[in-house]
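Engineer: Dropping the sequence and predicted coords here.
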Amino acid sequence: MVDAFQGLTDFVREHQAWAAPIVLLLAFGESLAFVSLLIPAWGALIAIGALVAASDLSVWPVLIAGAIGAALGDWLSYWVGHRYKERVAQMWPLSKFPNLLPRGEAFIKKWGVPSVFIGRFSGPLRASVPLVAGIFEMPYWRFQLANFSSAFVWSAVLIMCGDALSVATEWALKLK
């Protein structure tokens, strides 16, 4: 997995025009319930964020692409939960993680709509909160408000973490 993400990062370094579309797809996959359980893409997003600082890539298209991808992934997860309800728990790969949906349910019951925002920043909850929000019919527009606002913050955090790591590494290397 690390080799695949390294190759992807190298591709983005060489073909910077593809940075935003690739970030959109990575963020979509990272936020889509079924995919995020199998392929955690946050490391690649941070690595691409590091490229922003190390090259002449503009941060805004990359950050916005990450936010849109993340919001679309959660929106689709919400729809799947709303459409298939409790049958989702028997679908692969969720059937391999039987505690995931009950944890998401407890989290939503405790925090309500803010759980969508908070859950975005936790790997296992990121995969289950939108599904559970759909299963339990969280009001659509409240979900979407939390979904899109948290997606922009999440994308900014990941991209800027990579950016900051790149700047810090460059600074540390100059000290030698």
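Structural biologist: Yes, it's here.
Engineer: Let me see the mean pLDDT of the helix or strand hosting residue 67.
Structural biologist: For residue 67, the host element (DSSP states H and E) is helix 59-84. Helix 59-84 carries an average pLDDT of 95.
Engineer: May I ask which helix or strand of the chain has the lowest mean pLDDT?
Structural biologist: Taking mean pLDDT, DSSP states H and E as the measure, the chain has helix 2-14 as its least confident helix or strand, at a mean of 68.
Engineer: on that earlier part again, after the helix holding residue 67, next one along is what?
Structural biologist: Following helix 59-84 toward the C-terminus (DSSP H and E): helix 100-111.
Engineer: For this structure, which residues score under the pLDDT cut-off?
Structural biologist: For the chain, the stretches flagged by pLDDT under 70 are 1-6, 8, 37, 53, 176.
Engineer: distance between the lengthiest helix in it and the chain's centre?
Structural biologist: In the chain, assigned by DSSP state H, the helix with the most residues is helix 140-175. With Cα atoms, centre = their mean, to the nearest Å as the basis, helix 140-175 stands 11 Å off its chain's centre.
Engineer: Which strands and helices lie in contact with that helix?
Structural biologist: helix 19-31, helix 42-54, helix 59-84, helix 114-119, helix 123-135 (3 or more Cβ pairs under 8 Å, 6 or more residues apart in numbering; DSSP states H and E). Glycine gets a C-beta too; all of them are placed from N, C-alpha and C.
Engineer: Please name the residues that touch residue 113.
Structural biologist: Neighbouring residues of residue 113 by Cβ atoms under 8 Å, 6 or more residues apart in numbering: 138, 139, 142, 143, 145, 146.
Engineer: want to throw those residues into TSV with neighbour count and distance to residue 31?
Structural biologist: Shown next, in TSV, are the contacts of residue 113 (neighbours: other Cβ atoms under 10 Å; distance: Cβ to Cβ, whole Å):
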residue	neighbour count	distance to residue 31
138	23	16
139	10	20
142	14	18
143	22	13
145	14	16
146	24	13
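Engineer: which one of the residues you listed sits closest to residue 121?
Structural biologist: Checking these against residue 121 by Cβ to Cβ gives residue 146 as the nearest, at 12.3 Å.
Engineer: That closest one is in contact with residue 117, isn't it?
Structural biologist: Yes. Counting by Cβ atoms under 8 Å, residue 146 touches residue 117, with 4.9 Å between them.
Engineer: roughly how far apart are residue 158 and residue 173?
Structural biologist: Distance, residue 158 to residue 173, by Cβ to Cβ, to the nearest Å: 23 Å.
Engineer: what about these two, which has more around it?
Structural biologist: Ranked by neighbour count (other Cβ atoms under 10 Å), residue 158 and residue 173 place residue 158 first, with 27 against 8.
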